[in-house]
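A.B. asks: Task: produce atomic coordinates for the following.
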Amino acid sequence: MFAKLARTGLLIAALGVAGCNDSSMKDFAPSANNPLPDKILADMKAKGMARTSPVMARIFKEEGKLEIWKAKTSGRYDMVASYDICKWSGKLGPKYTEGDRQAPEGFYTVRPAQMNPRSSYHLSFDIGYPNAYDRANGRTGTNLMVHGACSSSGCYSMTDAQIEQIYAFGRDAFQGGQTEFQIQAFPFRMTAANMARYRNDPNYDFWKMLKVGYDNFEITKVPPKVDVCEKRYVFNQVAADGATFNPTGACPAATQPDSLKTAYSAYQSTYDAAFNGAVKASVPAPRPTIAGVKEASIVSDWSKRRARGERVPIEPPSLNADGSVSETARMGRIDSPAGRKMAAIDAEKAAKRKAEQQRLAAIEAAKAEKEAARAQALAEKETARINSLAEEEEARAAAEAPVATATIASPPEVAPAEKAANADESRVTKLKNKLLGMFGG
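C.D. replies: Numbers count the residues shown, from 1 in each chain. As a prediction, the model looks like this:
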């Protein structure tokens with residue numbers, strides 16, 4: 001059943017056999033020339049693979065794995081190496097827009113020109129995002145890679161030792177005549193159990209589409225021929241004579257090998273039964289996924305502000321199911337020329353604000369001191385005036401008092417003159433107190 005598929009593998013995989021030109025291969029850095037370990041070479045030989053036979057890669061985000069598959073003499077592929085992905089950024093789900101920090105999902109193509117032996121990340125290769133599907137759906141982004149240095153902002157990052165081996169697989173295949181190799185990037189292994197776990201996810205329809213390509217490879221062990229029409233992926237379809245696949249146009253009339261259709265139908269029947277059973281079973285909770293283009297836009301805005309050096313939450317924001325946005329309380333800025341420049345500008349602004357606040361505070365303090373001195377002077381002046389009035393009143397009262405005459409009176413009696421003097425003194429005291437009370441003395 002698979003003999004025909006194996007014979008047409010190059011068509012289905014879209015892998016040419018024209019030689020690599022010297023300009024694409026001659027500038028490899030020393031680390032890009034390191035040979036594969038002897039054990040891997042021995043395993044390849046045992047499986048019927050040449051060192052320079054065609055290669056492809058599969059990536060599974062949730063499991064954190066990058067697999068390398070190579071063609072055997074039969075034309076079918078077998079896995080020869082599996083690596084733990086050191087880091088990938090974002091959540092499960094496709095990349096939507098520049099800056100959303102999502103690592104892409106889909107079917108991508110790597111050619112010699114995309115290999116970078118002098119990468120800032122030790123070694124790297126661009127996976128080819130955006131592809132025809134991404135462009136047809138308005139998705140944007142650049143420089144999405146598999147690279148070393150174990151650091152990611154939308155890429156799949158490996159350790160330096162891992163990327164040297166992965167890079168060597170591609171290099172050797174190109175030297176053997178392969179002109180491009182396929183990378184299949186998935187959110188998870190697309191088993192019935194995993195698809196059942198994520199059946200209510202907003203990305204589920206996209207993942208179901210990817211699963212068709214996943215299933216085609218599982219059935220044939222040959223990288224599927226990938227085309228795009230009506231803004232969707234189609235796999236292993238052969239267009240009628242003269243017809244082409246237009247990513248945004250209607251899909252042309254196309255056929256598939258009968259053997260593939262029969263195998264796919266049997267595979268799907270088994271899958272449907274497993275899926276129905278998985279829906280009823282207890283399974284692990286789904287991992288966080290991106291909530292479509294809206295969340296991608298929110299994260300992209302965060303990335304732009306961060307790139308400008310602004311202080312933003314340390315982690316990218318997340319869109320919740322109810323439409324609200326969650327952000328971490330801890331703030332920071334990227335340590336970059338832009339970040340340091342923005343920090344210097346913010347510090348200068350803060351210093352100016354502080355200086356202005358100090359100037360205004362000094363002015364207010366001077367005003368308050370001046371007002372206090374004026375109030376003190378007025379109080380002292382008023383006290384002096386009140387004292388003067390009291391003294392004048394006392395002198396007048398004394399002048400008006402009658403002269404006392406000597407009389408023989410009973411000792412307990414008080415002379416009228418003394419009574420008058422006492423009364424005058426009482427009146428003066430009361431007047432003085434009243435005046436002092438009126439003017440704050």
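A.B. asks: same for the lengthiest helix in the chain, what does it pack against?
C.D. replies: Identified as the longest helix of the chain according to DSSP state H is helix 337-400. Applying 3 or more C-beta pairs under 8 Å, 6 or more residues apart in numbering; DSSP states H and E, we find helix 337-400 packed against helix 416-438. Yep, even glycine has a C-beta here, placed from its N, CA and C like the rest.
A.B. asks: which residues touch R197?
C.D. replies: The contact partners of R197, by C-beta atoms under 8 Å, 6 or more residues apart in numbering, come to A278, V283, P284, A285, P286.
A.B. asks: Secondary structure element for the spatially most central residue of the chain, which one?
C.D. replies: Geometric centre of the chain, nearest residue: P316, 2.9 Å, by C-alpha atoms, centre = their mean. Using DSSP states H and E, P316 maps to neither a helix nor a strand.
A.B. asks: Give me the distance between it and L378.
C.D. replies: According to C-beta to C-beta, to the nearest Å, P316 stands 65 Å off from L378.
A.B. asks: What of D227?
C.D. replies: Here the criterion is C-beta to C-beta. By it, D227 lies 95 Å from L378.
A.B. asks: what about these two, which has more around it?
C.D. replies: More neighbours surround D227 than the other of D227 and L378, with 24 against 12 (other C-beta atoms under 10 Å).
A.B. asks: The closest residue to A185 other than its chain neighbours: what's it in contact with?
C.D. replies: Nearest residue to A185, sequence neighbours excluded (C-beta to C-beta, 6 or more residues apart in numbering): I59, at 4.3 Å. I59 makes contact with K65, L66, E67, I85, Y156, I183, Q184, A185, F186, according to C-beta under 8 Å, 6+ apart.
A.B. asks: The third one bridge partners, please.
C.D. replies: As for beta bridges, E67 partners with R58, S82 under DSSP bridges.
A.B. asks: Now that it has come up, it's in contact with A57, right?
C.D. replies: Yes - between E67 and A57 a contact is recorded at 6.5 Å, counting by C-beta atoms under 8 Å.
A.B. asks: Helices along the stretch 151-300 of the chain, start to end?
C.D. replies: Using DSSP state H, counting those that start in this stretch, the helices found in the stretch 151-300 of the chain span residues 160-175, 192-197, 204-220, 258-280, 292-307.
A.B. asks: Next, the buried residues of the second one.
C.D. replies: Neighbour-count burial for helix 192-197 flags A192, A193, N194, M195, A196, R197 (criterion: 16 or more other C-beta atoms under 10 Å).
A.B. asks: Now the second one: closest residue in space, sequence neighbours ignored.
C.D. replies: Nearest non-adjacent residue to A193, counting by C-beta to C-beta, 6+ apart: A278, 4.5 Å away.
A.B. asks: burial count for that neighbour?
C.D. replies: Neighbours of A278 (other C-beta under 10 Å): 18.
A.B. asks: Contact partners for it?
C.D. replies: So A278 contacts A192, A193, M195, A196, R197 (C-beta under 8 Å, 6+ apart).
A.B. asks: redo that, cut-off 7 Å
C.D. replies: A192, A193, A196 (C-beta atoms under 7 Å, 6 or more residues apart in numbering).
A.B. asks: cool, and R111?
C.D. replies: Neighbouring residues of R111 by C-beta under 7 Å, 6+ apart: T179, E180.
A.B. asks: and the closest residue to S300 other than its chain neighbours, helix, strand or coil?
C.D. replies: Using C-beta to C-beta, 6+ apart and skipping the chain neighbours, the partner closest in space to S300 is G99 (3.7 Å). Following DSSP: H, G, I helix; E, B strand; the rest coil, we place G99 in the coil state.
A.B. asks: isn't G99 right next to K304, touching?
C.D. replies: Yes - proximity of G99 to K304 meets the contact threshold set by C-beta atoms under 7 Å, at 5.9 Å.
A.B. asks: Pick out whichever of these two has more residues nearby.
C.D. replies: G99 (22 against 13).
A.B. asks: Next one: the more buried one from I183, what distance?
C.D. replies: 22 Å.
A.B. asks: Distance check, the residue nearest to S300 against N236.
C.D. replies: On the measure of C-beta to C-beta, G99 and N236 end up 34 Å apart.
A.B. asks: Domain ranges for the protein, per the record?
C.D. replies: Here the domain parsing of the chain from automatic domain parsing is 3-191+198-235, 292-334, 353-438.
A.B. asks: Those: which one's closest to Y267?
C.D. replies: Minimum separation from Y267 across the domains of the chain (C-beta to C-beta) falls at domain 3-191+198-235, 5.5 Å.
A.B. asks: any idea how far W88 is from the residue nearest to A263 when sequence neighbours are not counted?
C.D. replies: The shortest distance from A263 to any non-neighbouring residue, by C-beta to C-beta, 6+ apart, is to I219 (4.9 Å). Distance check for I219 against W88: by C-beta to C-beta, it reads 27 Å.
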